[in-house]
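S.K.: The amino acid sequence is not available; the structure is as follows:
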């Protein structure tokens, strides 16, 4: 009986994977057909898929592309780590302390409502068009989202475990690491993935507005020179790399840490 159920489950999983693969292939084919049609109708502003592919290959063979890429990756990782750590700490504080919630909640609501380019513009005005401005703008823009995710998880935690901590008089530091943090792991991982996804999208805007180098600056310079093949080629390469990091690294880490939920 158990063997039959296992076979049925395995069969369902294979069918789901096949359905998903077919869906992805159909979506990709539809996108390529639409792209090819637009390249004919709106020529020369929309380059063809083949022309874009050749430009992508050219960029992969260019040392200048990798110079831009490493700079952007460094900026993304720095802002991602800072925003995730600060936002998580703030979310835990707001979720645990009512006074902190009363003070920070209106600020978080306001910060979530402010358009991201506003942070970038004010950071450049205050700090100049340098690395500090980009880092500050990116970090400040991402922190409220991370804090909000973590705060919600803290407030919906199992309060029965809090009572147990009081009954057994467990020291606060031990209770924090052994009772609270394990409950927050799913939310912390979600916040980290969201922070990374938002960071790499915003860095393109930051670099195009206030940096002379990086992927965003390269895209903007190509646009300024009306080199639309370069714009698409650089953007697609960067998106593919970020998706590879997000799904190939962060998602694998998330699955490994959450194996106990399966």
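M.R.: The structure has been received and is ready for your questions. Note that this is a predicted model, so its numbers are computed, not measured.
S.K.: Tell me how many other residues crowd residue 170.
M.R.: For residue 170, the number of neighbouring residues by other C-beta atoms under 10 Å comes to 15. (Glycine included, C-beta is placed from N, CA and C.)
S.K.: mind checking the SS state of it?
M.R.: Following DSSP: H, G, I helix; E, B strand; the rest coil, we place residue 170 in the coil state.
S.K.: Give the next helix or strand downstream of the host helix or strand of residue 30.
M.R.: Taking DSSP states H and E as the definition, residue 30 sits inside helix 2-41. As assigned by DSSP H and E, the chain's next helix or strand after helix 2-41 is helix 49-60.
S.K.: and the angle for that next one with helix 2-41?
M.R.: 100 degrees (axes from the mean of the first three to the mean of the last three C-alpha atoms, to 10 degrees).
S.K.: quick one: buried residues of the helix or strand that helix 49-60 is followed by?
M.R.: Following helix 49-60 in sequence order, the next helix or strand is helix 63-96 (DSSP H and E). Going by neighbour count (16 or more other C-beta atoms under 10 Å), the buried part of helix 63-96 is 65, 68-69, 71-73, 75-76, 78-80, 82-84, 86-88, 90-96.
S.K.: Run the chain-centre distance for helix 63-96.
M.R.: Computed by C-alpha atoms, centre = their mean, to the nearest Å, the chain-centroid distance of helix 63-96 equals 9 Å.
S.K.: now do stretch 138-157
M.R.: 14 Å.
S.K.: residues making contact with that stretch?
M.R.: 75, 79-80, 82-84, 86-88, 90-92, 94-96, 101, 104, 108, 111-112, 116, 119-120, 123, 180, 183-184, 186-188, 190-192, 194-195, 198-199, 202-203, 206 (C-beta atoms under 8 Å, 6 or more residues apart in numbering).
S.K.: Name the residues of that stretch that are buried.
M.R.: Result for stretch 138-157 [16+ other C-beta under 10 Å]: buried residues 138-151, 153-154, 157.
S.K.: Those in helices, which ones?
M.R.: Judged by DSSP state H, helices contain the following of these: 138-151, 153-154.
S.K.: My guess is residue 91 contacts residue 190. True?
M.R.: No: the pair residue 91 and residue 190 fails to qualify as a contact (C-beta atoms under 8 Å) at a distance of 11.4 Å.
S.K.: shaky segments in the stretch 151-262 of the chain?
M.R.: Along the stretch 151-262 of the chain, the model assigns pLDDT under 70 to residues 260-262.
S.K.: Recalculate using a threshold of 90.
M.R.: Low-confidence segments of the stretch 151-262 of the chain, defined by pLDDT under 90: 152-187, 190, 193-194, 197-199, 201-214, 224-227, 245-262.
S.K.: what about the closest residue to residue 48 other than its chain neighbours, neighbour count?
M.R.: Nearest residue to residue 48, sequence neighbours excluded (C-beta to C-beta, 6 or more residues apart in numbering): residue 39, at 4.1 Å. Per other C-beta under 10 Å, the neighbour tally for residue 39 reads 19.
S.K.: Show the pLDDT at residue 39.
M.R.: On pLDDT, residue 39 comes in at 85.
S.K.: for it, what are its contacts?
M.R.: 46-49, 51.
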